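In: got a predicted structure plus its sequence, pasted below:
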Amino acid sequence: VTNLASSVPPIVADIPKPITIRTERSRSDRTYRGLAWGAGSGTLILLFAIGLFLLVYALPAFRSQGWSFFTRTGFNTEGAHPAFGVASALYGTIVIAVIALFIALPVSLGSALFISEVAPRTLFRFIPFKQMLTALVDLMAAVPSVIYGLWGFFILQPREAGIARWLSAHFGWIPIFSVQSPIFTSSAFIAGTIVGIMIMPIITSLSREVFSLTPVSDKEGALALGASRATMVRRVVLPFGKGGLVGATMLGLGRALGETVAVSIIISLSFAISPHILEGRANSIAALIALRFGYGGKALGIPALLAIGLVLFMFTLMVNVIASWIVESQRRRSR
Amino acid sequence: MTDLLQSPWVATPSSETPGGPSDQQEPVEPDRFRPKNFSASDVGWLAGTLACSLAVVWGLFSQLTLLSGPFGFLVCWVGLFLALYWFVNLQVHDRLVATDRLVTAVVVVTAGAMLTPLVLITGYVFVKGWHLLSLHAFTHDQKGVLEFCPSGTRCVSAGVAHAIVGTLEQAAIAAVIGVPIGILTAVFVNEVRGGRLTQRVQKTVRVVVTAMSGVPSIVAGIFIYAVWVSSQQGLGMGFSGFAGSLALAVMLLPSVTRGTEEVLKVVHNDLREAAQALGSHEWRTVWSVVLPTARSGVITAVLLGIARIVGETAPLLVTIFGNTILNSDPLHGPQQALPLLVYEQVKLPLASAVSLGFMAALVLYLMVFVLFVLARLLGGVRVKGGLRYRRRTPMETEMVLAAAEGVRGGEFT
């Protein structure tokens, strides 16, 4: 061994030192980088600007009401003693969004499972069925909200009022289904239904995407062990896609919280916080802004609307960031 | 004990008729039953269950009238059908199969429930608006339209030209502002290579863009109102189509960025490295290699984004204010837009106003639909040189095969 080592000539230490190559970007590349940085940071600044400007312009409203802005229910912005708050509008927004989720979630979950697990890829060997379903779901997400509102107002509302009457007659002993006055149109229930129909495609397409990421080997393994398709879905697909489903639901919730036009076509405003969802009065921040905006207002009308807009902005931002974080971590885990 | 030893897959001689000698020598494997196997008798059971539950519910409805209305009828029918279907499969097959069939049926029913509103809404808008469409509607605005037309006077019927012009202008300006910034932002997030600071900023921008895509449209509207329109605090530019475009651009930007980024991620890194190895500048790599590769995906993202903002009502409500006469100047004075027209007209207690709203709704729906179909068609092949080619449908495969056959047969020479 020593013999071999001695036969190797010693390494000569005249290896040239590594040269550091300094590249200078050309002017065109610097322009390109500048533009890209500008666009990126511009987008960044825009979001902060929205929050900041809303806060600054809403300050008079916050100053006049103090902390009671968050607890007061009425919305009287005129006169010598304006008294308004976000409480009832925020409560109404959440009620409508929760009703929407109650309606949208089971349907979306089923549809997502149908598209990803049950539907054949082609029908009669030439209709690309799955692709068609995905396209239809996307189209449903693209239909303008004002058209949903139109349909909800003229078609859904009269029919759903009948359901509401039936519910209150037979299940009136449950507090949320009881009514004080027998007017069943323009209620949070109907607004929630139409918003639920609007967020169905969003939840469906996102959760379908997550379900389709389930490793095929896991699914086939379950089937090979003798599981039926229902068992396979329950034991493999659903546990895998749970996070994605939660994230998709949160994104749908974010959309439901901010829905304006369809809600404002249907509801009639009321500032009482009541648990009776079937009654013909409801409230929502976005709809309140849309409906009250035309009033203009001399003193605090606009700042008050900007203030509740800021609350909505912060609330949806929070929901969306949490949602996208969940979806993103789910995607990363599946890679 | 012998029962246990007998494998379920081996035909037992005792159960067979003794006439068949071949059965005894080589045991015939009985059909393995899989819940997926859906035989003709299963179809029969399904149809029978459907008919039976329909008959029962119909009988209950017409005889006892527990409930009223088509919705209640449908709910009862579906509920009874599911219960019956489970029970029938339990009797015919076993519990495993019954549960599987029940879950499948539930899933199919929910998918149907999901697509029903789409069909109903589309049908409703077409039925209500189709017969109102006329050339007159596309060339006239609401000028001189009386709310109550006294008998004896000559009534002017309204059109939606002002709203169409407004929508097209606002969407175009919003696209001109939002699309380049959106694509550049996506390029910044995905293509710019840099140090730790750059990476951190990129990560933040990505989060911010996601957050922005969830900002309620009314918030974007009141933001532009406060900064641009209002004279109390903002710049005091007044209501105009341009203000609406700004609000729409705020909505458009994140959707374009997210769509573009999704496609840029799929572009193969080899292409970028090849371009750099050939000595191209960074901007050349992006402009001549990456973006052309991702072209169809970017176009899809842009068109879908525009389809979405065309239908936005809330931000326009507080920025363009609405108008009854044609104002083709987007920079000055209130403008009208299709969704806003629909929103304003349908709540008026006038039949003529409501029908004008329905016509505008149909025009709006058609606009969105055309944009959507264009986006789908142009986005068929996702990324050239990237990962995702669209899978051929069997019909296309057959066409290709037939074409190849034709070439071989000398038809196309």
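Out: On my side now, so go ahead.

In: how about the contacts made by whichever residue of the stretch 301-413 of chain B sits closest to chain A?
Out: Taking CB to the nearest CB, chain A has its nearest neighbour within the stretch 301-413 of chain B at residue B:311, 2.6 Å off. Glycine gets a C-beta too; all of them are placed from N, C-alpha and C. For residue B:311, the contacting residues are A:142-147, B:339, B:364, B:368, taking CB atoms under 8 Å, 6 or more residues apart in numbering or on different chains as the criterion.

In: can you list these in a markdown table and add pLDDT?
Out: Putting the contacts of residue B:311 into a markdown table (pLDDT from 0 to 100) gives the following:
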| residue | pLDDT |
| --- | --- |
| A:142 | 90 |
| A:143 | 93 |
| A:144 | 93 |
| A:145 | 92 |
| A:146 | 93 |
| A:147 | 94 |
| B:339 | 93 |
| B:364 | 94 |
| B:368 | 94 |
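
In: output the below-cut-off pLDDT ranges for chain B.
Out: For chain B, applying pLDDT under 70 flags the ranges B:1-37, B:62-69, B:146-156, B:380-413.

In: tell me, what residue is most central in it?
Out: With distances taken as CA atoms, centre = their mean, the residue of chain B nearest its centroid is residue B:372 (8.1 Å).

In: mind telling me what element that one is part of?
Out: helix B:351-378 (DSSP states H and E).

In: any idea of the mean pLDDT in stretch A:258-270?
Out: Averaged across stretch A:258-270, pLDDT comes to 89.

In: residue A:102 is in what secondary structure piece?
Out: Per DSSP H and E: residue A:102 is located in helix A:87-113.

In: enumerate the residues of the stretch 51-200 of chain B near chain A.
Out: Taking CB under 8 Å from any CB of the partner chain as the criterion, the neighbours of chain A within the stretch 51-200 of chain B are B:67-72, B:96-97, B:99-100, B:102-104, B:106-111, B:113-115, B:117-118, B:120-121, B:124-125, B:180-181, B:184-185, B:187-189, B:191-192.

In: selecting buried members of those residues in PyMOL, what would you type?
Out: To isolate the buried members of those in PyMOL, using 16 or more other CB atoms under 10 Å in any protein chain shown:
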select buried, chain B and resi 67+72+96+97+99+100+102+103+104+106+107+108+109+110+111+113+114+115+117+118+121+124+125+181+184+185+187+188+189+191+192
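
In: in the helix holding residue A:102, what counts as buried?
Out: Applying a neighbour-count criterion of 16+ other CB under 10 Å, one finds A:87-101, A:103-105, A:107-113 buried in helix A:87-113.

In: from these, list the ones also adjacent to chain B.
Out: When contact is defined as CB under 8 Å from any CB, the buried residues of helix A:87-113 meet chain B at A:107-111, A:113.

In: and the residues you listed, which two are the farthest apart?
Out: Using CB to CB, the two most remote members of these are A:107 and A:113, lying 11.0 Å apart.

In: briefly note if stretch A:309-322 comes near chain B.
Out: Yes: in this structure, stretch A:309-322 sits against chain B according to CB under 8 Å from any CB; the contacting residues are A:309, A:312-313, A:316-317, A:319-321.

In: quick one: the strands in the stretch 1-150 of chain A?
Out: Listed in chain order, the strands found in the stretch 1-150 of chain A under DSSP state E, counting those that start in this stretch are A:75-76, A:83-84.
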